[in-house]
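In: Just to be clear, the model below is a prediction. Sequence and coordinates:
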Amino acid sequence: MAEEFFEGNFLGLAEQDGKPDIVVLPIPYELTTSYGQGTGLGPAACIQASGQVELFDPILGDDLPAGRKIKTFQSWNGEGNSLTEQLDGIYDYLLPWFDGETFPVILGGEHGILPAIVNAAGNHPLVDGEYSKLSIVQIDAHADLREELGGERFSHACSASRAMDFGLKHLYQVGIRAFSKTEYQRIQTDDRITTFFASDIQKTVDSSWQDCLGALANIEGPVHLTIDIDGLDGSLVPATGTPVPGGLSFWQAVEIIKSLFSSPRATVISMDVNEIVPQKDTPLTEFTAAMLATKGIVHHINKLNNSD
């Protein structure tokens, strides 16, 4: 943890002058949650919990920021009179950071922010408006492939479906264990979707876990990593909006991050950690989210160092 904690900054790090290498972008968005409430308070809670994360990581052999500049930007302002207006506002908030020079780490907020993130990612030089170049890796308990929920097409339960509407290259889903019949049918028939169900990767015999890691390591081109923290087992993130038992362990999630960032042919251009809800009795949920975001930052810096 930082020796001197700077309130409101991820990991408690001091502000540094100049253009950042990594920017942390809090988006306290909560409009379509369908079960537990509180994701709007999640980004601030995650940033507060991050002050307790150790800055040293053996992968870098140094304390963060490890010679790089990490900036925590002011939160999205929440303006907009409708759901679509708010998503447009999130797009405008994110857009300047998809310039190919800074790595955006986005903290949500409910998973309904994903379409706005994908929209903004289209401006990254490696995508350049051609969404057919962009892949998404989704850690999640839920498929999020519904066409609508309660009449709302931009519900958090439709986030992956709305992201696919951009014409993505591929969607890789890991940890899925809650889905409708229609979502399951789409997974089985859409050749742009590869899903590693929790029931398969968690088997004690004939597990598909290594197949999953191999598939991620072989991705080519630009990638956005989206982590709905309910993809982890509910015992690790009990305060998330819709906790589901039977999920990933923390170290499985870290191994996914490592495999993806280590891929020689893929470039992770951005990541988000979402569905963070502050926990009353213990900061376990928000601390777990902060740890995952930190691991993404570590592996991004490691890739930068190896390419210098």
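Out: It's in.
In: Surely residue 46 is within a helix?
Out: Yes. With DSSP: H, G, I helix; E, B strand; the rest coil as the criterion, residue 46 is assigned to a helix.
In: what residues are up against it?
Out: The neighbours of residue 46, taking CB atoms under 8 Å, 6 or more residues apart in numbering as the test, are 26, 107, 273, 276, 286, 289-290, 293. From N, CA and C alone the C-beta is placed, and that goes for glycine too.
In: So which of these are in strands?
Out: Among those, the ones falling in strands (DSSP state E) are 26, 107, 273.
In: gap between the first one and residue 256?
Out: The spacing between residue 26 and residue 256, counted by CB to CB, to the nearest Å, is 23 Å.
In: helix/strand/coil for residue 253?
Out: Using three-state DSSP, the three-state assignment for residue 253 comes out as helix.
In: Mind pulling up the pLDDT for it?
Out: With respect to pLDDT, residue 253 scores 98.
In: repeat for residue 293
Out: Listed pLDDT for residue 293 reads 98.
In: how much space between it and residue 216?
Out: Residue 293 sits 18 Å away from residue 216, taking CB to CB as the criterion.
In: And residue 59, by the same measure?
Out: According to CB to CB, residue 59 and residue 216 sit 18 Å apart.
In: Neighbour count: the two, which is higher?
Out: Under the neighbour definition other CB atoms under 10 Å, residue 59 and residue 216 were set side by side, and residue 216 has more, 26 against 14.
In: In space, what's closest to that one - neighbours in sequence excluded?
Out: residue 259 (4.6 Å; CB to CB, 6 or more residues apart in numbering).
In: CA atoms of the helix or strand encompassing that neighbour as CSV?
Out: Taking DSSP states H and E as the definition, one finds residue 259 inside helix 250-262. Coordinates of the C-alpha atoms in helix 250-262 are reproduced here as CSV (Å, rounded to 0.1, in the frame of the first residue of the first chain):
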residue,chain,number,x,y,z
PHE,A,250,-9.6,-15.2,-7.6
TRP,A,251,-6.5,-16.9,-9.0
GLN,A,252,-8.4,-18.3,-11.9
ALA,A,253,-9.4,-14.7,-12.8
VAL,A,254,-5.8,-13.6,-12.4
GLU,A,255,-4.7,-16.4,-14.7
ILE,A,256,-7.2,-15.3,-17.3
ILE,A,257,-5.7,-11.8,-17.1
LYS,A,258,-2.2,-13.1,-17.4
SER,A,259,-3.0,-15.4,-20.4
LEU,A,260,-4.7,-12.6,-22.2
PHE,A,261,-2.0,-9.9,-21.7
SER,A,262,0.7,-12.5,-22.5
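In: by contact count, what packs against it?
Out: strand 135-139, helix 209-217, strand 221-228, strand 266-274, helix 284-307 (3 or more CB pairs under 8 Å, 6 or more residues apart in numbering; DSSP states H and E).
In: quick one, the longest one and helix 250-262 angle?
Out: Just to be clear, that refers to helix 284-307. Orientation note: helix 284-307 sits at an angle of 30 degrees relative to helix 250-262 (axes from the mean of the first three to the mean of the last three CA atoms, to 10 degrees).
In: just the first one next, same as before
Out: Orientation note: strand 135-139 sits at an angle of 170 degrees relative to helix 250-262 (the same axes, to 10 degrees).
In: partner strands of strand 135-139, parallel or antiparallel?
Out: Taking DSSP bridges as the criterion, strand 135-139 pairs within the sheet with strand 170-176 (parallel), strand 221-228 (parallel).
In: Now find how far off-centre the last one is within its chain.
Out: Average the C-alpha atoms of strand 221-228, do the same for its chain, and the two points are 7 Å apart (CA atoms, centre = their mean, to the nearest Å).
In: Distance of residue 16 relative to residue 133?
Out: With distances taken as CB to CB, residue 16 is found 32 Å from residue 133.
In: Tell me which of the two has more neighbours.
Out: Set side by side, residue 16 and residue 133 give different neighbour counts by other CB under 10 Å, the larger being at residue 133 (17 against 13).
In: Next, the contact list for residue 234, please.
Out: Counted by CB under 8 Å, 6+ apart, residue 234 has contacts 240, 243-245, 247.
In: scratch that, residue 57
Out: Shown here is residue 57, whose contacts under the criterion CB under 8 Å, 6+ apart are 64, 294, 298.
In: cool, and residue 125?
Out: Residues near residue 125 by CB under 8 Å, 6+ apart: 99-100.
In: So for residue 167, what's the nearest residue that isn't a sequence neighbour?
Out: Residue nearest to residue 167 in three dimensions, not counting chain neighbours: residue 131, with 4.7 Å by CB to CB, 6+ apart.
In: wait, that neighbour sits on residue 168?
Out: Yes. Between residue 131 and residue 168 there is a contact under CB atoms under 8 Å: 5.7 Å.
In: Give me the common contacts of those two.
Out: In contact with both residue 131 and residue 168: residue 118, using CB under 8 Å, 6+ apart.
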